[in-house]
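K.L.:
3D model of this:
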Amino acid sequence: MDDELTNDDHLRALAALEAVVQNNDGALEVLAGGAHERPLATLLAAYGQHTLHRVLLAAFGIEATMTYDQTGQRVAHLNGDPMARIVFLLTDSLHHQAVLASDDLVTAKRIGESILLAIHAFTDADNQDALTLLRALRNEALRAR
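P.N.:
This is a model prediction of the structure:
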């Protein structure tokens, strides 16, 4: 269930995560989006899945330049790892919460907090480090435009 994210989706999700770190509910209201944008909870669940899967790929050393056999061996190792399975369960549960949340910003904020906690579990980043990471990811998305 890997949702395709546009650069604008990345930027909106990153802004929402920054608002979560800063406990800025007013910014979350602005980022809630309009009629033609997906609800913030849904966007954050998709962004969380995308980001946490990228973290897992990096943690297990899976790269696009690897041979088919190398990739297969590392993916098998990833799929057998209990921590990776927990990440897959977490991202799946975030999607379920998002479906139930619809436009509820409280749940969107909780989904954002879960994503930040998961990133913290991998990187040991505190809130200030998280903001630095989010800014770096935003700059990456802006360069890709």
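
K.L.:
Could you tell me how far R145 is located from L134?
P.N.:
Remark: distance between R145 and L134 (Cβ to Cβ, to the nearest Å) = 17 Å. In this view, the C-beta of every residue, glycine as well, is placed from N, C-alpha and C.

K.L.:
For the two, indicate the residue with more neighbours.
P.N.:
L134 (21 against 9; other Cβ atoms under 10 Å).

K.L.:
Can you report how many residues lie near T67?
P.N.:
Neighbour count for T67, taken as other Cβ under 10 Å: 8.

K.L.:
just use 781 as the starting number from now, easier for me
P.N.:
With the count now opening at 781, the last piece we talked about shows up as T847.

K.L.:
For stretch 866-878, give the mean pLDDT please.
P.N.:
Throughout stretch 866-878, pLDDT has a mean value of 94.

K.L.:
which parts of that stretch are buried?
P.N.:
Residues V867, L870, T871, L874, H875, Q877, A878 are the ones in stretch 866-878 that count as buried (16 or more other Cβ atoms under 10 Å).

K.L.:
so A799 makes contact with L820?
P.N.:
No. Between A799 and L820 there is no contact under Cβ atoms under 8 Å: 9.8 Å.

K.L.:
Pull up the overlap in contacts between the two.
P.N.:
Common neighbours of A799 and L820 are listed as L808, L811 (criterion: Cβ atoms under 8 Å, 6 or more residues apart in numbering).
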